[in-house]
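Colleague: Following is a predicted model, sequence given first.
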There are 2 protein chains.
Amino acid sequence: MISTKGRYALRVMIDIAEHGGVSVPLKDVAERQQISKKYLEIIVKDLVRGDLIKGCSGKGGGYTLTRKPSEYDVGEILQLTEGTLASVACLAEGAAECPRKNACETLPMWVEFDRMVHDYFHSKKLSDLLGDGK
Amino acid sequence: MISTKGRYALRVMIDIAEHGGVSVPLKDVAERQQISKKYLEIIVKDLVRGDLIKGCSGKGGGYTLTRKPSEYDVGEILQLTEGTLASVACLAEGAAECPRKNACETLPMWVEFDRMVHDYFHSKKLSDLLGDGK
DNA sequence: TATTTGCCTACTATGTCAATAGGTAAATTG
DNA sequence: CAATTTACCTATTGACATAGTAGGCAAATA
């Protein structure tokens, strides 16, 4: 299940995109999205680390996107904030190789499902989620 | 992310299906699947509660399927053991109605994704996972 | 210089996950 | 009947993740 971190991250990205042009203060995002600013700080830190947005301190500061909305896909946003997009532990990045790998009768299904999920989220763009035509 | 409960449940169902005809003792399943028998008891209890298998005590006892493998879909097995198949909290069965429901710009995507996941698992049958042609 | 903003570390309550432990009840076989 | 095999039941536990909160410092602008 996608946690609040990933879901909020998406909403932050959308919010910044829709109020773009200028720097968007986190306080405004928090108010509009009705999410605690303190909690958003944690999420936004991940987004900055992944170079999806950049911050600018001081009066008139805030966050801005580093690319155009159509150049982000939802998958990378979720992957960054959730840690992984994998639906089962044995398919997560850096997971230990399963000893039952060859005998496992469910693995092919998980692989197929996992591919479907990745395809879905990586083909969905941030711009697809914006209300207006930005 | 699908937990061990759901994944093990699936393997139990497969194991019982492949050694069907007679009652399959949990001890055997545990050995073949290399999962603690004690832990499997918890999982199997769910499966009995959902009427997917039935147990029979005493010597020569064990568990048997209540239907043919082609009549189970993976979705119902996962749903029963995982509690829900929903990918986001707001779409889980019995979730409180979200106050931002109409304003939420991510909801349509979650709904679409959720539908895709449900379709995938409900169209996949237990029989699709069996090694031989049972 | 005062204010606004980002940025940083630490803490915590709650809950879920993945089991383990230690039994009782039921059914079958010798 | 007795011994064995099996299901079935309640309770407990350690580890970890989730979803935040608290209280600051640093940087930039008006």
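Modeller: Arrived safely.
Colleague: use CA for all of it now, contacts and neighbours both
Modeller: Will do.
Colleague: elements contacting the helix or strand hosting residue A:109?
Modeller: Here residue A:109, judged by DSSP states H and E, is contained in helix A:107-123. With contacts taken as 3 or more Cα pairs under 8 Å, 6 or more residues apart in numbering or on different chains; DSSP states H and E, helix A:107-123 sits against helix A:74-82.
Colleague: Would you state the helices of chain A in chain order?
Modeller: A:4-18, A:26-33, A:37-49, A:74-82, A:107-123 (DSSP state H).
Colleague: Throw these into JSON lines and include mean neighbour count, thanks.
Modeller: Listed next are the helices of chain A as JSON lines, based on neighbours: other Cα atoms under 10 Å in any protein chain shown:
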{"stretch": "helix A:4-18", "mean neighbour count": "20"}
{"stretch": "helix A:26-33", "mean neighbour count": "17"}
{"stretch": "helix A:37-49", "mean neighbour count": "16"}
{"stretch": "helix A:74-82", "mean neighbour count": "20"}
{"stretch": "helix A:107-123", "mean neighbour count": "16"}
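Colleague: Just send those back as a markdown table, with mean pLDDT too.
Modeller: A markdown table is the format used below for the helices of chain A (pLDDT from 0 to 100):
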| stretch | mean pLDDT |
| --- | --- |
| helix A:4-18 | 98 |
| helix A:26-33 | 97 |
| helix A:37-49 | 98 |
| helix A:74-82 | 98 |
| helix A:107-123 | 98 |
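Colleague: Mind pulling up the pLDDT for residue A:134?
Modeller: In this model, residue A:134 is scored at 42, pLDDT.
Colleague: what comes into contact with the helix holding residue A:109?
Modeller: A:73-76, A:85-88, A:91, A:101, B:113, B:120, B:129 (Cα atoms under 8 Å, 6 or more residues apart in numbering or on different chains).
Colleague: what angle do that helix and helix B:107-123 make?
Modeller: 160 degrees (axes from the mean of the first three to the mean of the last three Cα atoms, to 10 degrees).
Colleague: Can I get helix A:107-123 in PDB? Just the C-alpha atoms.
Modeller: In PDB, the C-alpha atoms belonging to helix A:107-123 read as follows (Å, rounded to 0.1, in the frame of the first residue of the first chain):
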ATOM      1  CA  LEU A 107       7.400 -15.600  -8.700                       C
ATOM      2  CA  PRO A 108       6.400 -15.400 -12.400                       C
ATOM      3  CA  MET A 109       3.100 -13.800 -11.400                       C
ATOM      4  CA  TRP A 110       4.800 -11.300  -9.200                       C
ATOM      5  CA  VAL A 111       7.300 -10.400 -11.900                       C
ATOM      6  CA  GLU A 112       4.500  -9.900 -14.400                       C
ATOM      7  CA  PHE A 113       2.500  -7.800 -11.900                       C
ATOM      8  CA  ASP A 114       5.500  -5.800 -10.900                       C
ATOM      9  CA  ARG A 115       6.100  -4.900 -14.500                       C
ATOM     10  CA  MET A 116       2.600  -3.800 -15.000                       C
ATOM     11  CA  VAL A 117       2.800  -1.500 -12.000                       C
ATOM     12  CA  HIS A 118       6.100   0.000 -13.100                       C
ATOM     13  CA  ASP A 119       4.800   0.500 -16.600                       C
ATOM     14  CA  TYR A 120       1.700   2.200 -15.300                       C
ATOM     15  CA  PHE A 121       3.400   4.700 -13.000                       C
ATOM     16  CA  HIS A 122       6.300   5.400 -15.300                       C
ATOM     17  CA  SER A 123       4.100   6.200 -18.200                       C
END
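Colleague: And that helix, how far out from the chain middle?
Modeller: 17 Å (Cα atoms, centre = their mean, to the nearest Å).
Colleague: Could you tell me the angle between it and helix A:74-82?
Modeller: Helix A:107-123 and helix A:74-82 are oriented at 110 degrees to each other (the same axes, to 10 degrees).
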